[in-house]
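Asker: Structure of the sequence below:
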Amino acid sequence: GARAMCALIGHWYRRPSRLHAVRSGYLDGFHGVLKRGCPKSSGCRVGRGLRAAVLAVAWCLAPSPAAAVEHLDDLGRKVTLDAPAQRIVSLAPHITELLYAVGAGERIVAAVEYSDYPDAARRLPRVGNSSRIDLERLVMLQPDLVIAWGSGTPARELEGVQRLGYPLYLSEPRRLDALGGQMRAFGRLAGTEPAANAAAADYERRLDALLTRYADPPRQRVFYQLALQPLLTINRTHIINDLIDRCGGENVFAQASQLTPHVSVEAVVGAAPAVVVFALYPGESTAVTEAFWRRFGLAATTRFLAVPGDIIHRPTPRILDGLVQVCEGLAAAHSE
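Answerer: You can find the predicted model right below:
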């Protein structure tokens, strides 16, 4: 068959003398003869066998077009690309960070606000924010792939992207051990698989080492404050719940039906958490959060643990830094 024929030609081509012939243009000369015929003065004749042989060599040695790419996203939707993406639009900061981590940063043509890591991401053109995507700007960018946050990008904005017909991948990692697969998926979509595989393997080695270090932690009740106004938390299917659980925390709202439910102050106080864990961003204060809960009657024995928001709210390799801080903080709170 064709595959066997090309294998034989490949073996022939790899021999030094043949390689020299190809690089010297001899095959190009044969190709010219096939197209134009022999010069009248040369006396040469192009037979069918020679014509077929040279065409076979040319076909086998010609660069093959980039292969189509198919992958299921985190919501089980099939995403099909004609070739690895060269113009990617990122619709969440964690997606931007992951694309840089897998060697695809140069393929990003736009991102949303707060895409600020690594530093190169700060210079990317903006195409919207967490609540609104500029669809006219998106059309001008002509992306061959849009990657959005499954639970974070508003449904109406996702519908707008889909109406435009651009391939749309939804990112929604729910466990720490899912991030390696997410990085490999991004590498496959962007055609940077070697870099992505290396980054994923490094992440998984670090995760395994940390899980060994923090194995069998003491259990204690934890309230995770996703936001204070409005008051939001997480249920058991959120990736932050997985992180807290691996550090010994028992999420007091694990059984909530929504991924990020609204809860009342009374419900939090009634759940009697031993520790309140929350994200802290520049300009915010741990004292403000603690004073809020003390005012509403949270027990004086309750401890407060603040973690920089970017290393706990973004499912990227940096979330392992968040894992360390939560595990160390919960252990310290338990020992008090």
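Asker: who touches Ser171 in this structure?
Answerer: Under the criterion of Cβ atoms under 8 Å, 6 or more residues apart in numbering, the contact list for Ser171 reads 73-74, 92, 94-95, 98, 147-150, 182. Any C-beta I mention is one placed from the backbone N, CA and C, and that applies to glycine too.
Asker: Quick check: the two most widely separated of these?
Answerer: Across the contacts of Ser171, the longest distance by Cβ to Cβ is 14.6 Å; it joins Asp73 and His94.
Asker: neighbours of Glu204, just the number please.
Answerer: 16 (other Cβ atoms under 10 Å).
Asker: next one: the one 10 residues further on
Answerer: The local packing count at Tyr214 equals 18, with neighbours defined by other Cβ under 10 Å.
Asker: residue contacts, it?
Answerer: If you count contacts by Cβ under 8 Å, 6+ apart, then Tyr214 has 246-247, 323, 327 around it.
Asker: Poorly predicted segments of the stretch 51-200 of the chain, please.
Answerer: Where the stretch 51-200 of the chain drops to pLDDT under 70, the residues are 51-66.
Asker: Going along the chain, name the helices of this structure.
Answerer: Using DSSP state H, the helices found in the chain span residues 2-14, 16-23, 26-36, 48-61, 93-101, 135-141, 155-164, 179-190, 193-213, 239-246, 265-271, 286-295, 319-335.
Asker: Now for the residue nearest to Ala85 when sequence neighbours are not counted, how many residues are close by?
Answerer: Spatial nearest neighbour of Ala85, excluding adjacent residues (Cβ to Cβ, 6 or more residues apart in numbering): Leu145 at 3.7 Å. Around Leu145 there are 24 other residues, counting by other Cβ under 10 Å.
Asker: separation between Leu145 and Ser130?
Answerer: Look at Leu145 and Ser130: by Cβ to Cβ, to the nearest Å, they are 20 Å apart.
Asker: List just the nearest of the contacts of Tyr214 to Ser257.
Answerer: Looking across the contacts of Tyr214 and measuring by Cβ to Cβ, the closest to Ser257 is Arg246, at 23.1 Å.
Asker: how about that closest one, what does it touch?
Answerer: Arg246 is in contact with 176, 211, 214, 217, 323, 327, counting by Cβ under 8 Å, 6+ apart.
Asker: Now, of the residues you listed, which are buried?
Answerer: Buried by 16 or more other Cβ atoms under 10 Å: 176, 214, 323, 327, out of the contacts of Arg246.
Asker: Output those in CSV, with distance to Thr301 appended to each entry.
Answerer: CSV is the format used below for these (distance: Cβ to Cβ, whole Å):
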residue, distance to Thr301
Leu176, 29
Tyr214, 23
Leu323, 25
Cys327, 21
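Asker: can the contacts of Arg246 go into JSON lines with extra columns for distance to Val275?
Answerer: Below are these laid out as JSON lines (distance: Cβ to Cβ, whole Å):
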{"residue": "Leu176", "distance to Val275": "19"}
{"residue": "Leu211", "distance to Val275": "20"}
{"residue": "Tyr214", "distance to Val275": "15"}
{"residue": "Pro217", "distance to Val275": "12"}
{"residue": "Leu323", "distance to Val275": "15"}
{"residue": "Cys327", "distance to Val275": "12"}
